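**Q** quick one: sequence plus predicted model below, questions after.
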Amino acid sequence: DTEVTQTPKHLVMGMTNKKSLKCEQHMGHRAMYWYKQKAKKPPELMFVYSYEKLSINESVPSRFSPECPNSSLLNLHLHALQPEDSALYLCASSRSPSGVTYNEQFFGPGTRLTVL
Amino acid sequence: GQQVMQIPQYQHVQEGEDFTTYCNSSTTLSNIQWYKQRPGGHPVFLIQLVKSGEVKKQKRLTFQFGEAKKNSSLHITATQTTDVGTYFCAGRTGNQFYFGTGTSLTVIP
């Protein structure tokens, strides 16, 4: 299984809502990532989990809260988002952070989030 | 700000023509990866280069990593309509990992 799955595919939420994005992989990868991608822009790294521990937080606002319950699952909890947070949220995984290099990353299809 | 720039931003080619995108970093990179993202899709890994001056080929695609490990290029020979998409380089510098700004390729049949 070389697939990364993400749910939901689409999400519309109000600024006062609380929602969660989910990501799952069964490739035995020990590094998982959250990215944010705006239209016609490159993916921007948000968080990196290495062996289920948060290793990188790219100065992301606290209204985004990541969680890694186990080596196969990655969640992104959303609370009090702003309209400018509307974007495609991509999850990715790789074998391991492996020293100074990031291995090949497998991306999921993404969740398209709209904040009203 | 963005440290990995790609040129051109957009490229339209006639099917059968060649295409090249260039990736330039302001700092030395540990490695460079290339991804392709089809319209409406997600990034798909193409290749990774690690060594200074490294050149790798995949069928019609040729990837190069500069001697100073600050730049890279992707060259496609004889483009096909299936090559349509945005090509991103991505690399790590220190604890930072950046995607390049991307080059959007349109192939005219």
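**A** Happy to help now that I have it.
**Q** backbone phi and psi for residue B:58, please?
**A** phi -130, psi 100 (degrees, to the nearest 10).
**Q** check residue A:54 too.
**A** According to degrees, to the nearest 10, residue A:54 has phi -70, psi 120.
**Q** what about it, how many neighbours?
**A** Around residue A:54 sit 12 other residues, with neighbours defined as other C-beta atoms under 10 Å in any protein chain shown. For every residue, glycine as well, the C-beta is placed using N, CA and C.
**Q** check which helix or strand residue 78 maps to.
**A** Chain wasn't specified; assuming chain A. Here residue A:78, judged by DSSP states H and E, is contained in strand A:73-79.
**Q** centre of the chain to that strand, how far?
**A** The chain centroid and the centroid of strand A:73-79 are separated by 7 Å under C-alpha atoms, centre = their mean, to the nearest Å.
**Q** for that strand, packing partners?
**A** Counting contacts by 3 or more C-beta pairs under 8 Å, 6 or more residues apart in numbering or on different chains; DSSP states H and E, strand A:73-79 packs against strand A:18-25, strand A:31-37, strand A:64-70, strand A:87-94.
**Q** do that again at 7 Å, thanks
**A** strand A:18-25, strand A:64-70 (3 or more C-beta pairs under 7 Å, 6 or more residues apart in numbering or on different chains; DSSP states H and E).
**Q** and residue B:97, how many neighbours?
**A** A count of neighbours around residue B:97, defined by other C-beta under 10 Å, yields 24.
**Q** residue nearest the centroid of chain A?
**A** By C-alpha atoms, centre = their mean, chain A has its centre lying nearest to residue A:34, at 2.6 Å.
**Q** so which of the helices and strands packed on strand A:73-79 is the most packed in?
**A** Mean neighbours per residue, mean count of other C-beta atoms under 10 Å in any protein chain shown, is largest over the helices and strands packed on strand A:73-79 for strand A:18-25, with a mean of 19.
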